[in-house]
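Participant: quick one, what's the 3D model for this:
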Amino acid sequence: MKITSQHFSPEVKKPQETEEKTVKVTAESPAAEKAASNAVKTDASRQRMLSWFARVGISPSMMSPDPKKQKHALERRKQILETQKASNLQAVLNIALNVTINEQTSDNLDPDWFFAFSTMAEEIYSPPMQELWGKIFAVEVARPGSFSLRTLQLLKTLTHRDAQVFNKAVNVASRRNNDAVPRILVGYHKRKGLLSLLRRPVPEQINLANVGLSYPDLLSLQEMKLIYTSEIESAEYDEGQQVTWRCVNENISLTSKASGVALVYYKFTSVGSELYKLVTKSPNEAYLTSIKSVLGEVFNVS
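Facilitator: Below you'll find the predicted structure:
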């Protein structure tokens, strides 16, 4: 029998239409969900914007046409800012009071240094950076002259992320005995001789990126004037000459196997050297293993 449209009643067609609508809604639901998700993200972003500006006394509708209301809004904003600055200084002071300094001098703190310090410290809002400023004040009170105003001015421009990069550099930095300037040892340079052409090639430097200090990190440190912009070579060592470096809490003793060998390193600037003393250090085991392996080609390492 041939089936025609006459065999379907109007009542049978309605469920089919409903089914088509259901399919259509189902097909559109991922797009609807995405739109809803974007709306939630936009709202969350908007709330973060409002929250940050509220901390400096600004809201979308604060500037009223009414002069009295406008004056009140501006006075309230000024009060919020002054309260925040006082809170920042209080946080720095509380941190400084809990810092223990073993060696102290009888010298008095320079008043010009203190007032310049307080003017800068009141605008430090990040808790990790406030901790750093608190340590600086504690050290300066105990040993006046430890930190220059130039160091403070540079420190004021650093963010928490900048401090984290600097901390990575500190964890791979070494100092010689009685030398206050840290250096990041990266390898060696050996004066080439005829016999060196017959030996297998060996890496003369480590890749700092493999131990957590990337090339962009180095560029940032150089731009912040915390390390010098280029690698530096030490004077050449004589055969049997010994030097000891201390990296965090480990001594590295190097004895030259031959003459004509020089160490290659990045040197901290005077500002970087001052800040180095404040940073909490932790050993970078990957760095220690790598640098000992590379230097072991031309030094006896112990």
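Participant: how far off centre is the strand or helix carrying residue 272?
Facilitator: Under the criterion of DSSP states H and E, residue 272 resides in helix 270-276. From the chain centre to the centre of helix 270-276 is a distance of 15 Å (C-alpha atoms, centre = their mean, to the nearest Å).
Participant: CA-only coordinates of the helix or strand following it in CSV, if you can.
Facilitator: Where DSSP H and E defines the elements, the next helix or strand beyond helix 270-276 is helix 285-295. Taking Å, rounded to 0.1, in the frame of the first residue of the first chain, the C-alpha atoms of helix 285-295 are listed here in CSV:
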residue,chain,number,x,y,z
GLU,A,285,70.6,21.7,43.7
ALA,A,286,70.3,21.5,39.9
TYR,A,287,72.6,24.5,39.5
LEU,A,288,75.2,23.1,42.0
THR,A,289,75.3,19.8,40.2
SER,A,290,75.6,21.5,36.7
ILE,A,291,78.3,24.0,37.7
LYS,A,292,80.4,21.4,39.5
SER,A,293,80.2,19.1,36.4
VAL,A,294,81.3,21.8,34.0
LEU,A,295,84.1,23.2,36.2
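Participant: what's the next secondary structure element after helix 285-295?
Facilitator: strand 299-301.
Participant: tell me what that following strand is packed against?
Facilitator: Packing partners of strand 299-301 (3 or more C-beta pairs under 8 Å, 6 or more residues apart in numbering; DSSP states H and E): strand 250-256. Backbone N, C-alpha and C define where each C-beta goes, glycine included.
Participant: list the buried ones in the strand it packs on?
Facilitator: Neighbour counts over strand 250-256 (16 or more other C-beta atoms under 10 Å) mark 252, 254, 256 as buried.
Participant: in a markdown table, list these along with pLDDT and distance to residue 140.
Facilitator: Formatted as a markdown table, the buried residues of strand 250-256 follow (pLDDT from 0 to 100; distance: C-beta to C-beta, whole Å):
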| residue | pLDDT | distance to residue 140 |
| --- | --- | --- |
| 252 | 95 | 31 |
| 254 | 96 | 35 |
| 256 | 95 | 40 |
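Participant: and the strands in the stretch 151-300 of the chain?
Facilitator: 174-176, 183-190, 232-233, 242-247, 250-256, 261-267, 299-301 (DSSP state E, counting those that start in this stretch).
Participant: what angle do the fifth one and helix 285-295 make?
Facilitator: Angular relation of strand 250-256 and helix 285-295 on a 0 to 180 degree scale: 10 degrees, by axes from the mean of the first three to the mean of the last three C-alpha atoms, to 10 degrees.
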